[in-house]
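Colleague: Got a predicted structure here, sequence first:
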Amino acid sequence: MSEPKEASILTKVASEVFAGVIAPALENAPLIQAAEDDVLAKEDVLVRMERELKRALKKTPAERRWVMVIDLRRCVGCHACTIACVAENKLPPGIVYRPVLTEEIGKYPNVTYRFLPKPCMQCENAPCTPVCPVNATYTNEEGVIVVDYDQCIGCRACISACPYASRTFDFGLNYTDKTIDGLAMTLGSKQAGKYETAGAAFEYGERRERKHEQSPIGNVRKCHFCLHRIKEGILPACTTTCIGRATFFGDANDPDSLVSELIAKPNVMRLKEDLGTEPRVYYLV
Amino acid sequence: MIKKLAYLFGGLTLLFGLWGFYDRFAHGHQNANYGSYVVWGLWVAMYLFFAGIAAGGFMISTLDLLFGIKIFKGTGRVALWGSLVCLAAALISIGLDNGHLFRIWKVYLQGNPFSLLFQMVWGYTIFGVISVSALALASLQPNSPWLKPLMAVGLVVSFFISGAVGALLGVNASRPFWHVGLLPVQFPVFSLASGAAMLLTALGFFGREDDENRPQQLWILSLSSVVLLIVKIYFMWADYSQSMYGNVPMNVEAVRLVLFGEYWWAFWILQVLVGSLIPLVFLVQRKYATHNHWAGWMGILLLVGYAVARGLIIFPALSVPELEALVHAFSGPHLTFHYFPSLMEWAVTSGTIGIAVLGFLIGSEKFNLFSPTPKEA
């Protein structure tokens, strides 16, 4: 009985790469019968979502409808998604694309927490795009709201219009600013700062150095579902990093996709639905 | 004496402002206290304030240059010049608030016509051209048949640009404090009140001593200011009471911040006491209202009150989190719901005020704007 159990655990909790290497070897191993609604019990959802992502990429962009589903019952509030996003997009201080909202419920000793990861809602009726005076922010063919950094004038009207506080302004700060330079090559603003300011982030598939008053400094920035990763067939950073497998991503226009399954469930909700913004981020509660 | 004081004030504020301008250009927005939550700060409030005077100044100038009201004869050019310098100050304020000031050309050439900001940029451009043309005509060819049609079009545009500022805020459905139909409607009234206060200050301090119409002009402007102030207070009451009775949490919280929270002192001391009650008491009394310096100082107090009122429209609405737990969700610079302008922001505003004051003084002297007719100049 020990072998099947091991196989089940491996395919449930292993990282995507690890699961990809190990899972084929265990292909014929019997799995423990799991509850029908437990998607993790069948195979690591990341494996399935990667497969579905590749399938979706074969369609034209206009035929895809990217959505994100976040299962709040699985979220443990580890903030790994926030940090992964910061690392993936090399976000400077004061910029956040996916904070995790934490709420404390009850009074000591009967206290519990609940968590709500909050990326950009990628609204179908986005209030942020029509206010832009220069069309710098718009909904792309795939339904993702993007910012053209070279077009944005930094007026911040879109931040003001967003009901979800999903946009932040790049004030031009760096983590290594005003740090003391040490002897080692990796310390201080002169040495370590080079890493920070070098163009190693791939947002929107562009390499941009952080230079005085040059975009994205002085621009509004936001979550873009890691479009640069999607394009290469890789899931968004927040999705692959989620240790509780609480974040799901995929094409809602594919009826066989996991996200299509999940958003059809009765326990699904979206934030501030009364505003009519039609978010593309769903929560399972 | 008062003119020397005004020059000194303008010079000192500009001097302090130079440091602010340097900091803004050298370090961008890094040293500002507005952020990604309270996304618009002092500069936007001052933009609303100056743009309000600009639109209102034009409206007031039509009393002389469009409608030809006898008692206001000779005040049109002063009001127009005041309007123009305030337009410049407004555009400096909002220009420096932008992340990429030098991309403003994109609004003209690659703009989104459905955006209110786009419409406002074009509105200000048209308004500026009309104001400059009207001032030039009124100064060089006062009997030109083009002057009145120009002023008539300018009057409509001035209502548009003042209402559009209110609409810019009012269309934000995500901010219940702004999202009331009443807000855009209030702004032309605010503008008219600001324009009247500006002219009251200008005529009170710098009007011609030998102008026999001056006391009557001051009296009418004082009474107009009082009436407009009362209308403004009525609007505020309607706005706040509706919010409180409506009991929408985000709205109530914003009003609470103004009345009893972070901004109580600005509201009760600066807006209500200094900017409303004191001018109200003095301006309803003819002996003070027609006394040049008293009228001038009361005009200043009114303007201070209007400036604070602009801030109290902007900051509280943005100081209420869209989602309550956002406050502690992620820490970092510029991620706070509390706002008080930084020294750099004050310095830039100081410099902008200095430019407006010196611009008004130098221009009014150079173009002899206080002369009743251009021929006497």
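Modeller: Good, I have the coordinates.
Colleague: Would you map the helices across the chain?
Modeller: Using chain A here. A:2-13, A:16-22, A:39-42, A:45-57, A:80-89, A:157-161, A:188-197, A:227-231, A:237-241, A:258-263 (DSSP state H).
Colleague: nope, chain B please
Modeller: B:2-27, B:42-65, B:76-97, B:105-109, B:116-140, B:147-170, B:182-206, B:214-246, B:249-259, B:264-265, B:278-283, B:286-289, B:292-318, B:343-366.
Colleague: Is the fourth one in proximity to chain A?
Modeller: Yes: contact check for helix B:105-109 against chain A, using Cβ under 8 Å from any Cβ of the partner chain: residues in range are B:K106, B:V107. Yep, even glycine has a C-beta here, placed from its N, CA and C like the rest.
Colleague: next one: that helix to chain centre, how far?
Modeller: 25 Å (Cα atoms, centre = their mean, to the nearest Å).
Colleague: if we can go back for a sec, deepest in the core, which of the helices of chain B is it.
Modeller: helix B:42-65 (a mean of 27; mean count of other Cβ atoms under 10 Å in any protein chain shown).
Colleague: Packing partners of it?
Modeller: helix B:76-97, helix B:116-140, helix B:147-170, helix B:182-206, helix B:292-318, helix B:343-366 (3 or more Cβ pairs under 8 Å, 6 or more residues apart in numbering or on different chains; DSSP states H and E).
Colleague: between the longest one and helix B:42-65, how big is the angle?
Modeller: Okay, so that is helix B:292-318. 140 degrees (axes from the mean of the first three to the mean of the last three Cα atoms, to 10 degrees).
Colleague: coming back round to it: output the helices of chain B as CSV; include the columns mean pLDDT and distance to A:G233.
Modeller: As requested, the helices of chain B are exported to CSV (pLDDT from 0 to 100; distance: least, Cβ to Cβ, whole Å):
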stretch, mean pLDDT, distance to A:G233
helix B:2-27, 96, 41
helix B:42-65, 96, 43
helix B:76-97, 96, 41
helix B:105-109, 95, 34
helix B:116-140, 95, 38
helix B:147-170, 95, 42
helix B:182-206, 94, 48
helix B:214-246, 94, 50
helix B:249-259, 94, 41
helix B:264-265, 96, 56
helix B:278-283, 96, 68
helix B:286-289, 92, 76
helix B:292-318, 95, 40
helix B:343-366, 96, 46
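Colleague: residues in contact with the residue of the stretch 151-285 of chain A found nearest chain B?
Modeller: Using Cβ to the nearest Cβ, the closest approach of the stretch 151-285 of chain A to chain B is made by A:G154 at 1.7 Å. Contact analysis of A:G154 by Cβ atoms under 8 Å, 6 or more residues apart in numbering or on different chains lists A:F169, A:G218, A:N219, A:V220, B:N98, B:G99, B:H100.
Colleague: which one of those residues is nearest A:S189?
Modeller: Nearest to A:S189 among these, counting by Cβ to Cβ, is A:G218 at 20.3 Å.
Colleague: For that closest one, give me the pLDDT.
Modeller: As predicted, A:G218 sits at a pLDDT of 95.
Colleague: Would you list the phi and psi of it?
Modeller: phi 80, psi 10 (degrees, to the nearest 10).
Colleague: what's near enough to touch it?
Modeller: A:C152, A:G154, A:D170, A:G172, B:G28, B:H29, B:N98, B:G99, B:H100.
Colleague: switch to 7 Å and redo it
Modeller: Contact analysis of A:G218 by Cβ atoms under 7 Å, 6 or more residues apart in numbering or on different chains lists A:G154, A:D170, A:G172, B:G28, B:G99, B:H100.
Colleague: And chain A, split by domain according to the record?
Modeller: Domain ranges of chain A: A:1-43, A:44-284, per automatic domain parsing.
Colleague: picking that back up, which one of the contacts of A:G218 sits closest to B:F330?
Modeller: Out of these, the member with the shortest distance to B:F330 (by Cβ to Cβ) is A:D170, at 14.8 Å.
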